[in-house]
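In: Predicted structure and sequence below. I'll ask about it afterward.
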Amino acid sequence: MVERKDSPDLSDVLKAASDPTRRAILTLLAQEGPLRVTEIARRYDISLNAVSKHIKVLERVGLVARRTIWREHLIEVRMEPLSLVDQWFADLRSIWALRLSALDAALKEDKG
């Protein structure tokens, strides 16, 4: 079992979001807001236990949070860990922008 860290790293978030069912759960929660585990499980052709395991993976990296009100467990999406992915893509975009600028300059120099 993976132990919980104070904050997830990029690899943790990408690994948790790599599963199509977990991505679907995140999308569902983002669209509909907090839902009970049983409400989430009804949407998929897998067992309640399997859905619960998927939710625990998402919880470990902070992509979802569980709120308990009496006996009701509500699961809600947390988008903050996705900022790690967003920053990684921003870094990649800036690298490619520099490379494309250099290519553009080289092509203009070659024409001139």
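Out: Done, it's in. Numbers count the residues shown, from 1 in each chain.
In: show me where pLDDT drops low in this structure?
Out: Along the chain, the parts satisfying pLDDT under 70 run over 1-7, 97-98, 102, 104, 112.
In: For it, just list every one of the strands.
Out: Counting by DSSP state E, the segments of the chain that form strands are 35-36, 64-69, 72-77.
In: could the ones you listed go into CSV alongside mean neighbour count?
Out: Yep, even glycine has a C-beta here, placed from its N, CA and C like the rest. Formatted as CSV, those follow (neighbours: other Cβ atoms under 10 Å):
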stretch, mean neighbour count
strand 35-36, 16
strand 64-69, 13
strand 72-77, 16
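In: I'd like these laid out as a markdown table, including distance to residue 85.
Out: A markdown table is the format used below for the strands of the chain (distance: least, Cβ to Cβ, whole Å):
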| stretch | distance to residue 85 |
| --- | --- |
| strand 35-36 | 23 |
| strand 64-69 | 16 |
| strand 72-77 | 14 |
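In: Ok, which of the ones you listed comes nearest residue 95?
Out: strand 72-77 (29.8 Å; Cβ to Cβ).
In: ok now that closest one, how far from the chain's centre?
Out: Centroid separation for strand 72-77 versus its chain: 17 Å, with Cα atoms, centre = their mean, to the nearest Å.
In: repeat for stretch 30-41
Out: With Cα atoms, centre = their mean, you get 16 Å for stretch 30-41.
In: Excluding sequence neighbours, find me the nearest residue to residue 22.
Out: Spatial nearest neighbour of residue 22, chain neighbours left out: residue 54 (5.1 Å); criterion: Cβ to Cβ, 6 or more residues apart in numbering.
In: What of residue 24?
Out: Per Cβ to Cβ, 6+ apart, closest to residue 24 is residue 44, 7.4 Å.
In: Report the contact partners of residue 46.
Out: By Cβ atoms under 8 Å, 6 or more residues apart in numbering, residue 46 lies in contact with residue 21.
In: What distance do you get for it to residue 55?
Out: According to Cβ to Cβ, to the nearest Å, residue 46 and residue 55 sit 12 Å apart.
In: ok, now residue 75?
Out: Using Cβ to Cβ, residue 75 is found at 6 Å from residue 55.
In: Tell me the span between the first and last residue of stretch 29-40.
Out: In stretch 29-40, first residue to last residue: 9 Å (Cα to Cα, to the nearest Å).
In: Understood, closing this out.
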